[in-house]
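[1] got a structure for you, letters missing:
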DNA sequence: GATCTGGATGTTATCGCGAACATCATAACT
DNA sequence: AGTTATGATGTTCGCGATAACATCCAGATC
């Protein structure tokens, strides 16, 4: 039953235990080729008894097939990527592919390192967040010769395929909705964005639409680190202290938006009339707040699913290898904090 | 610069490009053995120019060394495991080990499948959540011959090493604090717990202490799925409708606790005097609510760190391989919702 | 009965790399 | 000068599996 001496088990052990060749054992364990029922059962019994687990390293080397898909994302602790992962998993679960996650912590250096590390395992495909990568990273992606899908953002030039939303457009759309709601004096709060390209693009789209309507951002505030809920409170208070006449607050994510919302409610603001709010991301987590925050869905689940589908399709033998570009449409949700036109 | 024909690059390509043997290239790329500075630079230049990425599959097979640590956890989307992962990453980052995550979705079948899949890559160690596994899974873990650390929970018999808190004790501790606070009529809300062994253990410890003090849980309510914040509201309302005289509500996690807290505040309850609340987990995410929820820290970061340290130590050549058992002490945090004694 | 067919099995070569050992020069001793 | 260290490199073999081909045998076909 158990492997008492400490030599690792190999196909040979199973083959000896069941009295057939290694090749036949291999065929049984992979369900490939013709094997009689009798031998199959004999082999499976031996394998189970020994507790044999095939060595994919050797298998992958011999077959040059690896059922791994590298997924490279900034972080798992900010609500947005777990949902993307869910989408990816949902789709890959129906194939024999398996996602393997690498985290970049929002830095290019780490992205490069992680990518190198993952490519050295020769995965069948890469799903990677964002369109901004170091030249070296782009070169690696191209040289790898495997399908690459860049996700989240479509505003830029992909290496290969891309699935996402236009964050620029998301910002524009929210700006239009706010203007239509009749708001005029707008404050913005978000992360300091040296590396958050998507937040920057939203901000650019946002300000541009306002500018066209002759409106300028009246006040702004940035943060990094700490509890987003607390930061949302603090920044909201600071902003309103500086300019009590603000009638709208646009937050670059839902968590700080929620913090702001709570602060405003505690201080008796009339929402959405005296002041309106909106965030970004459509965090399901926050359903259940006293008021529902206006937000914009970033199509996270769908992005994950589509990206995985592209990889899954391309891995097939006779597949069309041409790049795909999918731009999903972010949808606005007015909630209780944004006056409808 | 780029690999135009479609043959994958190997050490041989780099060796030919730089005019040295494959072995020397290998040594350069791994920083092992003596290589003259001149050759080193020559090799690195060629490798970079070709865009060569070493094949770890072949490397691992040849050296029977794999720098991967399998981390098997139920889910990434419930706040508790991301922080454990952070702890693991922090520690492994200082070694050459790399975590690879597999998700079980709280089912034994999937756990078994994921474990099999991961072991087939011959990782250097396994970190796996919980002490409850199928017999087959336990057998695999034992037969693997690699260090195994079971995490989160210490109430049970580990396969090898274990790092966690006693959830039973966590429940007991909270019960004592509640009793000392003078609460008498206690309601409980949590997940339906067919598979949530840790929540069950907390509940058992909790009720036992109450029982000794002659107190019984007055009302209880269970949920599964959906937005935890909303569920917390709904269950709280339901519970208080059934028994308006409850003076304490114990929630099996902070999210439903936060939902309950908001509902109570909106309905004008006097907290913590008319009614007290407590959750479980010490979610940093929730800092910034109108009141700070009483909770108990599950030492998630520390658990991750300790588990990773055990693996990292054991991987060393001459390491002590004896099992380790670390029981961390959960600490109570009274917040604003639990009367102090 | 001879030939053919195809299912069931075995044999050999190879995947790309690293461990272990071998080789060769140069420097450092006695 | 002769021996010994040490650094820098190369050679051989094997890791554990799979691809591709080879073999064998029972039944079908003529």
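    Thanks, I have it. If you're wondering where the values come from, they're calculated on a predicted model, not measured in any experiment. Residues are numbered from 1 along each chain as shown, chains lettered A, B, ... in the order given.

[2] Can you show me the helices along the stretch 1-150 of chain A?
    A:11-18, A:22-30, A:37-50, A:56-63, A:80-92, A:108-119, A:135-144 (DSSP state H, counting those that start in this stretch).

[3] Of all the ones you listed, which one is nearest residue B:126?
    helix A:56-63 (15.4 Å; Cβ to Cβ). All C-beta atoms are positioned from the backbone trio N, CA, C, and that covers glycine.

[4] That closest one and DNA strand C, any residue contact?
    Yes - counting by Cβ under 7 Å from any atom of the strand, DNA strand C has neighbours in helix A:56-63: A:58, A:61, A:62.

[5] How many neighbouring residues does residue A:320 have?
    Counted with other Cβ atoms under 10 Å in any protein chain shown, residues neighbouring residue A:320 total 8.

[6] in what helix or strand does it lie?
    For residue A:320, there is no host helix or strand (DSSP states H and E).

[7] Is the nearest residue to residue A:107 once chain neighbours are set aside in a helix, a strand, or coil?
    Nearest residue to residue A:107, sequence neighbours excluded (Cβ to Cβ, 6 or more residues apart in numbering or on different chains): residue A:195, at 7.0 Å. Secondary structure assignment for residue A:195 (DSSP: H, G, I helix; E, B strand; the rest coil): coil.

[8] mind checking pLDDT for residue A:195?
    We have a pLDDT of 84 for residue A:195.

[9] Next: residue A:188.
    Looking at residue A:188, the pLDDT reads 97.

[10] quick one: it from residue A:331, how far?
    As defined by Cβ to Cβ, to the nearest Å, residue A:188 lies at a distance of 21 Å from residue A:331.

[11] cool, and residue A:261?
    20 Å.

[12] residues touching residue A:255, list them.
    A:79, A:228, A:229, A:232, A:279, A:283, A:286, B:285 (Cβ atoms under 8 Å, 6 or more residues apart in numbering or on different chains).

[13] Correct me if wrong: the first one contacts residue A:285.
    If I follow you right, that is residue A:79. Yes - with contacts counted by Cβ atoms under 8 Å, residue A:79 reaches residue A:285, the gap being 6.3 Å.

[14] Number of residues surrounding the closest residue to DNA strand C within the stretch 151-300 of chain A?
    Closest residue of the stretch 151-300 of chain A to DNA strand C, Cβ to the nearest atom of the strand: residue A:160 (22.2 Å). Neighbours of residue A:160 under the rule other Cβ under 10 Å: 22.

[15] sorry, back to before: for the helices of the stretch 1-150 of chain A, which one ends up most surrounded?
    helix A:80-92 (a mean of 22; mean count of other Cβ atoms under 10 Å in any protein chain shown).

[16] can you give me how far stretch A:68-85 is from the chain middle?
    The chain centre lies 4 Å from the centre of stretch A:68-85; the measure is Cα atoms, centre = their mean, to the nearest Å.

[17] Look at that stretch and report the distance between its end residues.
    One end of stretch A:68-85 sits 14 Å from the other (Cα to Cα, to the nearest Å).

[18] That one near chain B at all?
    Yes - using Cβ under 8 Å from any Cβ of the partner chain, stretch A:68-85 reaches chain B at A:76, A:77, A:82, A:83, A:85.

[19] Which of the residues you listed sits closest to residue B:247?
    Distances from residue B:247 to the residues of stretch A:68-85 next to chain B, taken by Cβ to Cβ, are shortest for residue A:77, at 35.7 Å.

[20] Excluding sequence neighbours, find me the nearest residue to that closest one.
    Nearest one to residue A:77, counting by Cβ to Cβ, 6+ apart, is residue B:82 at 4.3 Å.

[21] contacting residues for the nearest residue to residue A:327 once chain neighbours are set aside?
    Nearest non-adjacent residue to residue A:327, counting by Cβ to Cβ, 6+ apart: residue A:154, 4.6 Å away. Residue A:154 sits next to A:131, A:162, A:163, A:164, A:165, A:166, A:325, A:326, A:327 when contact means Cβ under 8 Å, 6+ apart.

[22] and residue A:276, what are its phi and psi?
    phi -110, psi 160 (degrees, to the nearest 10).

[23] bridging residues for it?
    Beta-bridge pairing for residue A:276 (DSSP bridges): residue A:248.

[24] Equivalent analysis for the one 5 residues further on, please.
    Note on residue A:281: beta-bridge partners by DSSP bridges are residue A:297.

[25] count of residues packed around it?
    24.

[26] Might one say that it is in contact with residue A:293?
    No - applying Cβ under 8 Å as the test, residue A:281 and residue A:293 come out as separate, 9.8 Å apart.

[27] more crowded one of residue A:188 and residue A:331?
    Neighbours were counted for residue A:188 and for residue A:331 using other Cβ under 10 Å; residue A:188 has more, 21 against 14.

[28] Identify the spatial nearest neighbour of the more buried one, chain neighbours not counted.
    Leaving out its chain neighbours, residue A:188 is closest to residue A:220 (Cβ to Cβ, 6+ apart), at 4.5 Å.

[29] Tell me the secondary structure of the one you found, please.
    Going by three-state DSSP: residue A:220 is strand.

[30] you'd agree residue A:271 is up against residue A:337?
    Yes - under the contact definition of Cβ under 8 Å, residue A:271 touches residue A:337, with a separation of 5.4 Å.

[31] Common neighbours of the two, please.
    Jointly contacting residue A:271 and residue A:337 under the rule Cβ under 8 Å, 6+ apart are A:261, A:277, A:291.

[32] Doesn't the last one lie inside a helix?
    I take that to be residue A:291. No - judged by three-state DSSP, residue A:291 forms no part of a helix; its state is coil.
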